[in-house]
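>>> My questions concern the predicted model and sequence given below.
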Amino acid sequence: MRKSYVWLIGGTAESATIAQLLATEKIPTIITVTTPNSVALYPPIPLFQVMVGKMDSPQIILFLQQQQIIAVVDASHPFATAISQNAMAATKELNIPYLRYERPIIDTIEDGVIQLDSFDTLLAGDYLQQQRVLLTIGYQVLPQFQSWQNRTTLFTRILPSQESLEVATKAGFTNHRIIAIRPPVSWELEKALWQQWQISLVVTKASGVAGGQEIKESVARELGIPLIVINRPQISYLRQTSLLDDVLQFCCQFYS
């Protein structure tokens, strides 16, 4: 008889922790990631399959059917809204249980931290004007900043992948304004980078502890540099939790 699987939508540090928990309980799992580098996050065990690539809605439905998925755990990045929305639509159509693991939000109360609801709000204002700006926001939104290249001085920190470097270059970032490094970035390195580039403003996402948000807030306070935090997109998940125990219980019920 063919195995049935839990689908773990991965690519994050939390998804790697969830994978370890599922491995402990010997739960057959298919993990999907969008980049080859993310495969190394997961233990090489027989019960696991790790697949690399992106899927649209029709592909997700076909995947769920072909792989005999009986439950879905969505541990994708908080800003990866497309995969979450497509996964919810597909699981609802096929009547497959879905659980979102949402990393805890940091309650920002620091002076000098500016919270904005979107990148559109940031770009429509004058926050970036005549600043030396460090963007720690991933590579996918960098094209939105291209029109600012002649109005301010932009730097970006991105993952060391060919795709991210190509996007950054096309968005107008020259080599000396790009640093390609894989997180986590320590407090000491964060501070040194800001000082090296004489940064006067930093833009980041509300990505929680795993995304280094606490470290950036601490360094900003230490150096007296304003930090703009872009809040997470508002999504109504079918079911969600911020507790790893809940995720494990959710999955175990299908293999009890």
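Ah, there it is.
>>> going forward, measure contacts and count neighbours with C-alpha atoms only.
Fine.
>>> Show the end-to-end separation of stretch 175-187, please.
With Cα to Cα, to the nearest Å as the measure, the ends of stretch 175-187 fall 24 Å from one another.
>>> oh, I was asking about stretch 25-32
Taking Cα to Cα, the first and last residues of stretch 25-32 lie 19 Å apart.
>>> One more: stretch 42-61?
End-to-end for stretch 42-61, by Cα to Cα: 24 Å.
>>> now stretch 157-171
One end of stretch 157-171 to the other measures 13 Å (Cα to Cα).
>>> Which of the residues in it are classified as buried?
Neighbour counts over stretch 157-171 (16 or more other Cα atoms under 10 Å) mark R157, I158, L159, S164, L165, V167, A168, A171 as buried.
>>> Tell me which residue lies nearest the centroid of this protein.
The structure's the chain has its C-alpha centroid closest to H77; by Cα atoms, centre = their mean the separation is 3.0 Å.
>>> Please state the backbone phi and psi of the closest residue to that residue other than its chain neighbours?
Once flanking residues are discounted, H77 sits nearest to T12: 6.3 Å by Cα to Cα, 6 or more residues apart in numbering. Main-chain torsions, T12, degrees, to the nearest 10: phi -120, psi 160.
>>> residues contacting T12?
Shown in contact with T12 (Cα atoms under 8 Å, 6 or more residues apart in numbering): A75, S76, H77.
>>> Closest one of those to L99?
A75 (8.8 Å; Cα to Cα).
>>> Just give the number of residues close to the closest one.
24 (other Cα atoms under 10 Å).
>>> swap in L135?
There are 21 residues near L135, going by other Cα under 10 Å.
>>> Could you list the domains of the protein?
Using automatic domain parsing, the domain ranges for the chain come out as 5-104+234-252, 113-230.
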